[in-house]
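Mind looking at a prediction? Sequence and model below.
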Amino acid sequence: MSMEEVFHPMQEPMILAAAISIVVGAVVIFAGLTYFKKWGYFYKNWLSTVDHKKIGIMYIAVALLMLFRGGIDALLMRAQTAVPDNGLLDAQHYNEIFTTHGLLMILFMAMPFVIGLMNIVIPLQIGARDVAFPRLNAVSFWLFAAGAGLLNLSFIIGGSPDAGWTAYFPLSGTEFSPTVGNNYYSLALQLSGIGTLMTGVNFITTIIKMRAPGMTLMKMPMFTWSILITNVIIVFAFPVLTVALALMMLDRQFGTQFFAMQNGGMDMLWANLFWVWGHPEVYIVILPAFGIFSEIIATFARKNLYGYKSMVMSMVVISLLSFLVWAHHFYTMGHGVMVNSVFSITTMAIAVPTGVKIFNWLLTMRHGKIQFTTPMLYALGFIPIFTIGGVTGVMLAMASADYQYHNTMFLVAHFHYVLIPGTVFGVLAGYHYWWPKMFGFRLNEKLGKAGFWFIAVCFNVTFFPLFILGLDGYARRMYTYSESTGYGPLNMLSFIGGLGLAVGFALIVYNIYYSWKHMPRNEKADVWDGRTLEWATHSPVPEYNFAVVPTVTRLDEYWFAKKEGRDITAGKIEKIHMPNNTGTPFWMSGFFFLAAFFAVFNLWIPAIISMLGVFGFMIHRSFEKDHGRYISVEEVMATEKSLRGDK
């Protein structure tokens, strides 16, 4: 690929503006850190941290950036289709935007938001001082960050992927996609996917082996249960994606023909491998939200969660069925009647355990003293909107009907009605709920509620018209249409709703700034009246989490201890062992990024040299004699005194 071809996208004004904004932002950050002499602090406390809470905050920060970037893509798509015969985007640019929008929102926004909350909350909920493998946790984050950076770089250098977020062959093969866009796809997803797989192993080990004394599996909070099941799905699903992406890279860059349409290849092999991973992936981002809603509804209904055991069992059933429904994504691609029938049944069956959870949440609120806080509003808004997504999902589960629905905007509306309330509402609810655990103060409730109402109302204005357009035959992935179709008014309404969504997300960002400046910092003002173990520690949480690890005797131990006037964190304070920070994960991932970037352009010698850098840091790490450090009793007591505000 010539230099002219590599930088061809820079000829487009919007991409040039994006490139300039990225460069200006980087320069401002660099200049600010240099001027205030914060490079040492930034490296020591963030780039080299192994603290699960700081890693979680960095995950969420990247997720918010990707929400901004993916949201711009969404607005551009809605603007392009708002009026007939619009020339805002050409076909190629539109293809790149809807491809990267899907990738960013699912893999680089929803996933890191979920993993960020998981990092912050899970050790606190189970009474642990960190995750099982703190350094591996840092490697996981920096590999994810490297993948996110690589995918976003594609829009400036070389061109973005353009075969849809599913990257079906032969569209993503070199015949129909000769640029490097889908090379970026295979390598960026490979980097972030390996990091996610490491996270799965880490958190399964953490939950199984590091629970507080007395906390059996059936005494764990529901969010912890949802995360345990989610990570089991990750460990089984992500190796499939890893293999599929490796075969994709071999096909595109080394001339193999695993997914070709000749010489023994099979393009449908990619579709099967992708969705064997892809449909469990949907539940990887939805199950944690179910756990979040369970915590929030119980907290703000002032009641114990109804049907704890059935909630656990329903998540286990969902996790099993999630691996048995993948072929419903390609009913229209030539399966026989028997295959379509089997997958129709399993797809409809997965709605049953999901329905169990909906009824359990409703029964939890029955006769409850409901507090309409911002987190509770997201939980309440989720139920009716997600139900619409679920009902339309059952419609799509019927193979014969799906022949009419599948390639229309009806399907697009359906999965947005599932993923936005089922994931985005969930992570935003958790983000508001656990914000005091991160920073020691609440977000402003008025601004939080205003953001919720903008998002909830404008979401329906944006996506409900797509159901009607789909039933009228408006095909998905179309970048333009003629005036005679009559699609214009509903598309314009959808675009207006998209602008309202942008206002809602802008209010969330502004709320951070406002609350940082004006919200009070003290224990009574900072915390919700929570039920689970994380609320037994300070806000913000100290490095060591618990000065005294509590003993658990029942579900919601902290809730009952408050009612009984007991302090479950009282006891003898002893010195605490904590892991040391290390910059190795950051530098390793930097070399991984360079190796992947060079591999995108088939520059194998610098790619190999970069991989040698990765192995060099791995070898260096293996010879380090780092056994962590101890925090003395005096230091712990001084920290506890400071956090309590004692004079």
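Good, I have the coordinates.

What residues of stretch 227-239 count as buried?
For stretch 227-239, the neighbour count (16 or more other CB atoms under 10 Å) marks Ile227, Leu228, Ile229, Thr230, Asn231, Ile233, Ile234, Val235, Phe236, Ala237, Phe238 as buried. In this view, the C-beta of every residue, glycine as well, is placed from N, C-alpha and C.

Also stretch 255-265?
Buried residues in stretch 255-265, defined by neighbour count with 16+ other CB under 10 Å: Phe258, Phe259, Ala260, Gly265.

if we can go back for a sec, can you convert the buried residues of stretch 227-239 into CSV and add a column each for pLDDT, distance to His406 and secondary structure?
Converted to CSV, the buried residues of stretch 227-239 look like this (pLDDT from 0 to 100; distance: CB to CB, whole Å; DSSP: H, G, I helix; E, B strand; the rest coil):
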residue, pLDDT, distance to His406, secondary structure
Ile227, 97, 33, helix
Leu228, 97, 34, helix
Ile229, 97, 29, helix
Thr230, 97, 28, helix
Asn231, 97, 32, helix
Ile233, 97, 25, helix
Ile234, 97, 28, helix
Val235, 97, 31, helix
Phe236, 96, 27, helix
Ala237, 96, 23, helix
Phe238, 96, 26, helix
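
And the furthest pair within the buried residues of stretch 255-265?
Greatest spatial distance in the buried residues of stretch 255-265: Phe258 and Ala260, 7.2 Å, computed using CB to CB.

what sits in contact with each of the two?
Counting by CB atoms under 8 Å, 6 or more residues apart in numbering, the residues touching both Phe258 and Ala260 are Asp251.

give me every residue that touches Ala289.
By CB under 8 Å, 6+ apart, the residues touching Ala289 are Val114, Phe382, Gly422, Thr423, Phe425, Gly426, Val427, Ala429, Gly430.

again, but for Leu471
Shown in contact with Leu471 (CB under 8 Å, 6+ apart): Thr408, Phe410.

quick one: it from Phe464, how far?
Using CB to CB, to the nearest Å, Leu471 is found at 12 Å from Phe464.

do Gly159 as well
According to CB to CB, Gly159 stands 34 Å off from Phe464.

the more surrounded of these two?
Counted by other CB atoms under 10 Å, Gly159 and Phe464 do not tie: Gly159 has more neighbours, with 25 against 19.

so what's the backbone phi/psi at Tyr174?
Just so we're on the same page, residue 174 is Thr rather than Tyr. Backbone geometry at Thr174, expressed as degrees, to the nearest 10, gives phi -70, psi -20.

Which residue, other than its chain neighbours, is closest to it?
Using CB to CB, 6 or more residues apart in numbering and skipping the chain neighbours, the partner closest in space to Thr174 is Arg252 (5.6 Å).

Number of residues surrounding that neighbour?
As a burial measure, Arg252 scores 22 neighbours (other CB under 10 Å).

Secondary structure class of it, three-state.
For Arg252, the assignment made with DSSP: H, G, I helix; E, B strand; the rest coil gives helix.

gap between Leu153 and Phe593?
Remark: distance between Leu153 and Phe593 (CB to CB) = 9 Å.

These two: which has the busier surroundings?
For Leu153 and Phe593, the more surrounded residue by other CB under 10 Å is Phe593, and the numbers stand at 22 against 18.

follow-up on the earlier one: unless I'm mixing things up, the residue nearest to Thr174 is touching Tyr185, no?
No. Arg252 lies out of contact with Tyr185 (CB atoms under 8 Å); the separation is 9.3 Å.
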